[in-house]
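Q: whatever this is, show me its structure:
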Amino acid sequence: MRKTTRLKQLIHAPELLVMPGAFDALSARIVQEAGFAALQSSGFGISVSHLGLPDYSFLSLSDMVTATQRLVDAVDIPVMADGDTGFGNAVNAWYAVKAFERIGCAGVNIEDQVMPKRCGHLEGKSLIPLDEAVAKIRACAEARQDPDFVINARTDALAVGGIAEVIRRGNAYLDAGATMVFIDGMSSKDLARQAVQGIRGPVAINVVEGGRSPLDFSFQEMEEIGIARVSLPGTLMLAAIQGMRDALAAVKTNGRAGGPGARLADFREQLELVGFNEVFALEKRFLTGLQAAAATP
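A: Alright, predicted model coming up:
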């Protein structure tokens, strides 16, 4: 089964699809190892980890395609790309979809913020006009070669125009060819329920620890309300930051590597995670005889 088809099936299934956000090949492999069915490429995480800069449209389309391809190549599960604002107007968005589909992504997020965009859980966001946003989604839908390639139309209208504007824009995006409507910055269960009731298609939200998200909003409650997908774009990045800080603090405190306070993965598990066992197996198949011959005088 194509990954596009698999992702679309997961979105339309009655069960909630939980998609952790990955920002590099290693974090993508960890998501797959943990048993999740799909993952979200985190533009925020890629900007932070690759550039050390905020998620503020500093990454170009080619930057994002290159970073995302590493995620796609590292795992067997579907990857949803982060297409930001489409990196420009509807024409730019058309080319963005072509690029992400070409590298094997199963879908892409396209949002309706003014460029440069802001993180959905921050203040100061601005939206492009509805007709411009609809044209962008229509361009994305027409650009895809595979009809199952998921167009995840993100709207930041909740913080700008309220739930009525979210519903208006969401239905307009679905009519333009979007597969799913992604409401960023969802701030309450009641608003999520209103969105699901008013939008005529699959609804996605995200949860950002420390952002606008209600952290008492359980996955079971989301599923009962009828939310199709929830992404966790910052969970692994926040865990990585704290884990690295704890490890380095332990180095200073203990006067040596490791020890109390340093929560480190097992070295052998790391080798297995990144594929050393496959490399060792290939060495035995292809290099053992050559090495023996080379060692013979």
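
Q: pretty sure Arg169 contacts Glu132?
A: No: Arg169 is beyond contact range of Glu132, at 11.4 Å (criterion: Cβ atoms under 8 Å). Every residue, glycine included, has its C-beta placed from N, CA and C.

Q: more neighbours: which of the two?
A: Here Arg169 and Glu132 are set side by side on neighbour count (other Cβ atoms under 10 Å), and the busier one is Arg169, at 25 against 13.

Q: what is the strand or helix carrying the more buried one packed up against?
A: Element membership for Arg169, per DSSP states H and E: helix 157-175. For helix 157-175, the helices and strands in contact under the criterion 3 or more Cβ pairs under 8 Å, 6 or more residues apart in numbering; DSSP states H and E are helix 130-143, strand 150-155, strand 180-183, helix 189-198.

Q: which one of those lies closest to Lys8?
A: In terms of Cβ to Cβ, the element of those nearest to Lys8 is strand 150-155, at 5.8 Å.

Q: need the helices for the stretch 151-297 of the chain, in chain order.
A: Taking DSSP state H, counting those that start in this stretch as the test, the helices found in the stretch 151-297 of the chain are 157-175, 189-198, 219-225, 235-254, 267-273, 276-286, 288-295.

Q: just list what the fifth one packs against, helices and strands only.
A: Using 3+ Cβ pairs under 8 Å, 6+ apart as the contact criterion, the neighbours of helix 267-273 among helices and strands are helix 25-33.

Q: contact partners for the closest residue to His12 other than its chain neighbours?
A: By the measure of Cβ to Cβ, 6 or more residues apart in numbering, the closest residue to His12 outside its immediate chain neighbours is Pro202, 6.5 Å from it. Under the criterion of Cβ atoms under 8 Å, 6 or more residues apart in numbering, the neighbours of Pro202 are 11-12, 179-181, 228-229.

Q: report the two of those residues separated the most.
A: Among the contacts of Pro202, the pair separated by the greatest distance (Cβ to Cβ) is His12 and Val181, at 13.5 Å.

Q: contacts for stretch 256-270 next, please.
A: Residues outside stretch 256-270 that contact it (Cβ under 8 Å, 6+ apart) are 243, 246-247, 249-251, 253-254.

Q: got a list of contacts for stretch 227-246?
A: 10-12, 16-23, 27, 30-31, 40, 42, 44-45, 48-49, 80, 180, 182, 192, 196, 202-211, 219, 222, 261-263.

Q: quick one: low-confidence parts of the stretch 1-150 of the chain?
A: Counting by pLDDT under 70, the stretch 1-150 of the chain contains low-confidence residues at 120.

Q: run through the strands of it in chain order.
A: Assigned by DSSP state E, counting those that start in this stretch, the stretch 1-150 of the chain shows strands spanning 17-22, 39-41, 79-82, 107-111, 150-155.

Q: among those strands, which comes closest to Leu59?
A: Comparing these by their distance to Leu59 (Cβ to Cβ), the top pick is strand 79-82, with 9.2 Å.

Q: reformat the helices and strands packed on helix 157-175 as CSV; add distance to Arg118.
A: Shown next, in CSV, are the helices and strands packed on helix 157-175 (distance: least, Cβ to Cβ, whole Å):
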stretch, distance to Arg118
helix 130-143, 16
strand 150-155, 13
strand 180-183, 16
helix 189-198, 20
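
Q: walk me through the domains of the protein.
A: Following automatic domain parsing, the chain resolves into domains at 3-233, 265-297.

Q: of those, which stretch is the most buried?
A: Of all those, domain 3-233 carries the top mean neighbour count, a mean of 20, counting by mean count of other Cβ atoms under 10 Å.

Q: now do it: distance to the chain's middle.
A: 7 Å (Cα atoms, centre = their mean, to the nearest Å).

Q: for the remainder of this discussion, apply numbering that starts at 41.
A: With 41 as the first residue, the last one maps to domain 43-273.

Q: sorry, back to before: to Thr108, which of the helices and strands packed on helix 197-215 lies closest?
A: Taking Cβ to Cβ, strand 190-195 is the member of those nearest to Thr108, at 14.0 Å.
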